[in-house]
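Trainee: quick one, structure for this:
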Amino acid sequence: MKTLHRRGMFAATMLSAAIMLLPAHEIQAHKGAQGVVKERMKGMMRMEKSLRPINAMLQGKKPFDANLVHRQGREILRHAERIPHLFPQGSLQYPSEAAPAIWRNFDDFRQRADELKRTALLLMEANAATLPDIAREMRAACKGCHEKYRIEKD
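Mentor: Alright, predicted model coming up:
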């Protein structure tokens, strides 16, 4: 556990930063969402929630639990597989945070969703030694997509 704790501190910090991409005020911001916008916002929140126990493991607050990591990875994969379908052309209605760039670069957007699926599959097979690196990859996948295709709301 100490090795996971030391190796995972940087990954945990980075994963925490990715989790912060969905701050608590967004729960309030999601009020009024309907249809596909509501569905994708809920999915993003489920993925964020799935990362919390993994982050706790990386920070040494929880012991490594392969079964829990597998389940959380499966939940992330389940949503990641649906991401392209949850962004039909023009689904920008309030309170969507989707940037119009998604539809101008949909092939890139789809590839980013595929990268998230790839890291979720890795997460499902993670062990204590591989978890920190996989967490860094997942953080990069989340951050890369959010930086390019998400509009921050005040």
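
Trainee: okay, now E39: neighbour count?
Mentor: When counting by other Cβ atoms under 10 Å, one arrives at 16 neighbours for E39. C-beta here means a position set from N, CA and C on the backbone, and glycine is covered the same way.

Trainee: with R136 instead?
Mentor: 20.

Trainee: low-confidence ranges in the protein?
Mentor: In the predicted model, the chain carries pLDDT under 70 at residues 1-30, 154.

Trainee: what about the helices in it?
Mentor: When assigned using DSSP state H, the helices of the chain occupy the ranges 2-19, 25-29, 35-58, 66-80, 101-104, 106-124, 131-149.

Trainee: can I get these in JSON lines with distance to Q93?
Mentor: Shown next, in JSON lines, are the helices of the chain (distance: least, Cβ to Cβ, whole Å):
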{"stretch": "helix 2-19", "distance to Q93": "26"}
{"stretch": "helix 25-29", "distance to Q93": "14"}
{"stretch": "helix 35-58", "distance to Q93": "6"}
{"stretch": "helix 66-80", "distance to Q93": "20"}
{"stretch": "helix 101-104", "distance to Q93": "14"}
{"stretch": "helix 106-124", "distance to Q93": "18"}
{"stretch": "helix 131-149", "distance to Q93": "16"}
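
Trainee: of all those helices, which lies closest to L86?
Mentor: helix 35-58 (3.9 Å; Cβ to Cβ).

Trainee: then that closest one to PDB, C-alphas only?
Mentor: Only the C-alpha atoms of helix 35-58 are listed here, as PDB (Å, rounded to 0.1, in the frame of the first residue of the first chain):
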ATOM      1  CA  GLY A  35     -33.500  15.000 -22.800                       C
ATOM      2  CA  VAL A  36     -30.100  14.000 -24.200                       C
ATOM      3  CA  VAL A  37     -28.400  17.000 -22.400                       C
ATOM      4  CA  LYS A  38     -29.600  15.700 -19.000                       C
ATOM      5  CA  GLU A  39     -28.600  12.100 -19.900                       C
ATOM      6  CA  ARG A  40     -25.100  13.100 -20.800                       C
ATOM      7  CA  MET A  41     -24.700  15.400 -17.700                       C
ATOM      8  CA  LYS A  42     -25.800  12.500 -15.500                       C
ATOM      9  CA  GLY A  43     -23.400  10.200 -17.200                       C
ATOM     10  CA  MET A  44     -20.500  12.600 -16.600                       C
ATOM     11  CA  MET A  45     -21.400  12.900 -13.000                       C
ATOM     12  CA  ARG A  46     -21.600   9.000 -12.700                       C
ATOM     13  CA  MET A  47     -18.100   8.800 -14.100                       C
ATOM     14  CA  GLU A  48     -16.800  11.500 -11.700                       C
ATOM     15  CA  LYS A  49     -18.400   9.500  -8.800                       C
ATOM     16  CA  SER A  50     -16.700   6.300 -10.100                       C
ATOM     17  CA  LEU A  51     -13.300   8.000  -9.900                       C
ATOM     18  CA  ARG A  52     -13.600   9.000  -6.200                       C
ATOM     19  CA  PRO A  53     -12.800   5.600  -4.600                       C
ATOM     20  CA  ILE A  54      -9.900   5.200  -7.100                       C
ATOM     21  CA  ASN A  55      -8.500   8.600  -6.100                       C
ATOM     22  CA  ALA A  56      -8.800   7.600  -2.400                       C
ATOM     23  CA  MET A  57      -6.800   4.500  -3.200                       C
ATOM     24  CA  LEU A  58      -4.100   6.500  -4.900                       C
END
